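Chemist: Okay, predicted coordinates and the sequence, questions at the end:
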Amino acid sequence: MLVVTTNEIAGWQIQRVCGEVFGLTVRSRNAFSQMGAGFKSIFGGELGGMTKQLTESRNEAMNRLFDSAKARGGNAIIGMRFDTSDLGDTWTEICAYGTAVVAVPIDDAARHTAQELGYGQPAPPGR
């Protein structure tokens, strides 16, 4: 699925707006990662366990975002953003959101990208 943080896609025409979509996950913090992070903060450096957990959470939120866009009939997402918040002391909410659209390539570079993404012909509006 084509996903951009902008409100337009260069080389593509947005034929239909399908609506707002989001993917959400809530994760509890891993106690071992928290302890390791506490020790690491004394000496400095990357918190590998926390980085891995955040990456997995963002990927899960993105996959749910893609599913939501497909369910609304979209083949692309514009204006994609992440939002993260803590729920209490042990949970973290990660939300990926944007606007699902039906977009078609209008120049050669976009057509090439469409082929790489495996896009066929889009369904006519209203289907």
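Modeler: Yes, it's here.

Chemist: which residue is nearest the centroid of the chain?
Modeler: Met62 (3.3 Å; CA atoms, centre = their mean).

Chemist: Who are the packing partners of the helix or strand hosting that residue?
Modeler: Using DSSP states H and E, Met62 sits within helix 48-71. With contacts taken as 3 or more CB pairs under 8 Å, 6 or more residues apart in numbering; DSSP states H and E, helix 48-71 sits against strand 2-3, strand 12-28, helix 31-43, strand 76-87, strand 91-105. The C-beta positions use only the backbone N, C-alpha and C, and glycine is treated the same way.

Chemist: one more time with 6 Å, if that's ok
Modeler: strand 12-28, helix 31-43, strand 91-105 (3 or more CB pairs under 6 Å, 6 or more residues apart in numbering; DSSP states H and E).

Chemist: Among the ones you listed, which comes closest to Gly73?
Modeler: Gly73 sits nearest to strand 12-28 of all those, at 5.2 Å, using CB to CB.

Chemist: Note down every partner strand of the closest one and its orientation.
Modeler: strand 91-105 (antiparallel) (DSSP bridges).

Chemist: which residues are in contact with the partner strand?
Modeler: With CB atoms under 6 Å, 6 or more residues apart in numbering as the test, strand 91-105 has contacts from 9, 12-18, 20-28, 57, 61-62, 65, 69, 72, 74-87, 111, 114, 122.

Chemist: Show me just the buried residues among the residues you listed.
Modeler: Using 16 or more other CB atoms under 10 Å as the burial test, the contacts of strand 91-105 include 9, 12, 16, 18, 21, 23, 25, 27, 57, 61-62, 65, 69, 72, 74-78, 80, 82, 114, 122 as buried.
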